[in-house]
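Colleague: Structure for the following, please:
(one chain, ligands or ions: 2)
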Amino acid sequence: MPHTNLPNKLDDARIRTALAAVKDPELGQSIVDLGMVRQIQVGEGGAVAVEVALTVAGCPLHERIDQEVRQAVGTVAGVTRVAVQMEVMNDQERRQAFAAAVRLSEARRAAPAAPRPAPAANREIPVRSGPAAPAGPALLQPNTPTRIIGVASGKGGVGKSTVTANLAVALAQRGYKVGLMDIDVYGFSQGRIMGASGQPEVTDDQKIMPWDRYGVKMVSMGMFVPEDQAIVWRGPMLGKMMQQFFTDVVWGDLDWLVVDMPPGTGDVALDVAQKVRHARLLMVTTPQSVAMHVARRAAGVAERIGQSIVGVVENMSYVRCPHGDRLEVFGRGGGKHLADALNVPLLAQVPLEPGVRAGGDSGEPVVAADPTSEAARTFLQLAERLEQLVPSVAPAAAATH
Ligand SMILES: Nc1ncnc2c1ncn2[C@@H]1O[C@H](COP(=O)(O)OP(=O)(O)O)[C@@H](O)[C@H]1O
Ligand SMILES: [Mg+2]
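Modeller: Ligands and ions are numbered 1, 2, ... in the order given. From the prediction side, this is the model:
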């Protein structure tokens, strides 16, 4: 592409600078830093053509990006016409974009007032030669030796994330290699609950190193997205992101993977459920019948798409009074009713304890902070029961399939 270094000459560097202000609405980072600007051509008479690669096909926000790109380029002096061509990233580009998003959001968190980072080396997208990755991530194969537990609920606020975190830590305490994946797009709370923060490292080959807390390897979508940013996650984006979590995280060999699923029965929950079809669902409910009702609906959806439900956890079941009685503040029976309706066991009734909430806020799950408390013992028993109920596939057996 012909271009000169004369000052004020309209060239692609100036266009690129203008484009840096346009953000991908979902990742919340500059489309330039994310490697979404594939090509800039400056033609005769100020005609500019920009090729933008979207992170996912059919991105419902492409019109907004298109508009903002036109607007940004249009403000550059000398530009007379703007043509925008939308393409879709290949897997390699997308991997790099997400990796860049991790780095950038971390950098911003570390130094909020700092200017935008200098142009990243990954702006030029190298095309990796060699054969494409086979089959798909091992964790998503039906015969993976990793036992996957999807923790689900009909609605938020019932303690789904609390159960997820404590179950993961309990399994780790029982000597297993455990992973925790936080894909609840309505609130990425595992970082806070597990006390994980700081830089998630990205390896040279663009793999994400999980955080390690209490012997649990964990990733949260909160790693990718600044917490203060309201993000609307769309189906395709979420799907790709999740795929990334299965493919591009350095998990090592896991015995268990516990997943904090999005609550409810909407598109998001369905999307996720379909991806991890061979996960066993653990339904969390409270004793209230209303919560029970929504949990049952969520379970119905899981059943329709062929996911099996391993059991029910009733959370906030009772408060243990000083003289030993159980005070059933939220009523009773929700967990049992749901379990009966689903024809699965009621695996645990977790008491309402101040230590559970405090642990969630301080980043120290009660199983780690106060292992002899009644709630912690309940979580440990839950882990033990799951151990009995969920068969592990021996890797040797899996290989023969
Ligand atoms: N058994 C419990 N005892 C005390 N507080 C709890 C218990 N379970 C959950 N909580 C608190 O209730 C709130 C909601 O729990 P959370 O796990 O975030 O729910 P969800 O993930 O279903 O939205 C949190 O503040 C959490 O600490
Ligand atoms: Mg939650």
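Colleague: Nearest residue to A348 in space, ignoring adjacent ones along the chain?
Modeller: Nearest residue to A348 in three dimensions, chain neighbours excluded: L382, at 4.2 Å (Cβ to Cβ, 6 or more residues apart in numbering). The C-beta positions use only the backbone N, C-alpha and C, and glycine is treated the same way.
Colleague: Who are the packing partners of the one helix or strand the one you found maps to?
Modeller: Element membership for L382 (DSSP states H and E) is helix 374-389. Judged by 3 or more Cβ pairs under 8 Å, 6 or more residues apart in numbering; DSSP states H and E, helix 374-389 is in contact with helix 160-173, strand 308-315, strand 346-350, helix 366-369.
Colleague: starting at the chain centroid, how far to the third one?
Modeller: Yep, that's strand 346-350 we're talking about. Taking the mean of its C-alpha atoms, strand 346-350 sits 26 Å from the chain's own mean (Cα atoms, centre = their mean, to the nearest Å).
Colleague: and what of the shortest one?
Modeller: Centroid separation for helix 366-369 versus its chain: 24 Å, with Cα atoms, centre = their mean.
Colleague: which ones are touching whichever residue of the stretch 101-250 of the chain sits closest to ligand 2?
Modeller: Nearest residue of the stretch 101-250 of the chain to ligand 2 (Cβ to the ion) works out as S161 at 3.2 Å. S161 makes contact with V151, D182, D184, G187, S189, Q190, I193, D260, G360, according to Cβ atoms under 8 Å, 6 or more residues apart in numbering.
Colleague: In which helix or strand does the nearest residue to A83 once chain neighbours are set aside reside?
Modeller: Leaving aside its sequence neighbours, A83 sits nearest to A49 (Cβ to Cβ, 6+ apart; 4.5 Å). Assigned by DSSP H and E, A49 belongs to strand 47-54.
Colleague: what comes up buried for that strand?
Modeller: Within strand 47-54, the residues scored as buried using 16 or more other Cβ atoms under 10 Å are V48, A49, V50, V52, A53, L54.
Colleague: Output that strand in CSV with nothing but the alpha carbons.
Modeller: Presented in CSV, the C-alpha positions along strand 47-54 are these (Å, rounded to 0.1, in the frame of the first residue of the first chain):
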residue,chain,number,x,y,z
ALA,A,47,-11.7,7.4,0.3
VAL,A,48,-11.0,5.1,3.2
ALA,A,49,-11.8,1.4,3.3
VAL,A,50,-11.7,-0.4,6.7
GLU,A,51,-12.0,-4.1,7.2
VAL,A,52,-13.2,-5.1,10.6
ALA,A,53,-13.3,-8.7,11.9
LEU,A,54,-16.0,-9.4,14.4
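Colleague: That one pairs with which strands?
Modeller: Applying DSSP bridges to the sheet, strand 47-54 is found paired with strand 37-42 (antiparallel), strand 81-88 (parallel).
Colleague: Can you name every helix or strand that the helix or strand following it contacts?
Modeller: Using DSSP H and E, the helix or strand that follows strand 47-54 towards the C-terminus is helix 62-74. Packing contacts for helix 62-74, counted by 3+ Cβ pairs under 8 Å, 6+ apart, involve helix 12-19, strand 47-54, strand 81-88.
Colleague: for the first one, which positions count as buried?
Modeller: Buried residues in helix 12-19, defined by neighbour count with 16+ other Cβ under 10 Å: D12, R14, I15, R16, A18, L19.
Colleague: Now render those residues as TSV, adding pLDDT.
Modeller: Listed next are the buried residues of helix 12-19 as TSV, based on pLDDT from 0 to 100:
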residue	pLDDT
D12	89
R14	93
I15	94
R16	94
A18	95
L19	96
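Colleague: From those residues, pick the one nearest ligand 1.
Modeller: The nearest member of the buried residues of helix 12-19 to ligand 1, counting by Cβ to the nearest ligand atom, is L19 at 38.2 Å.
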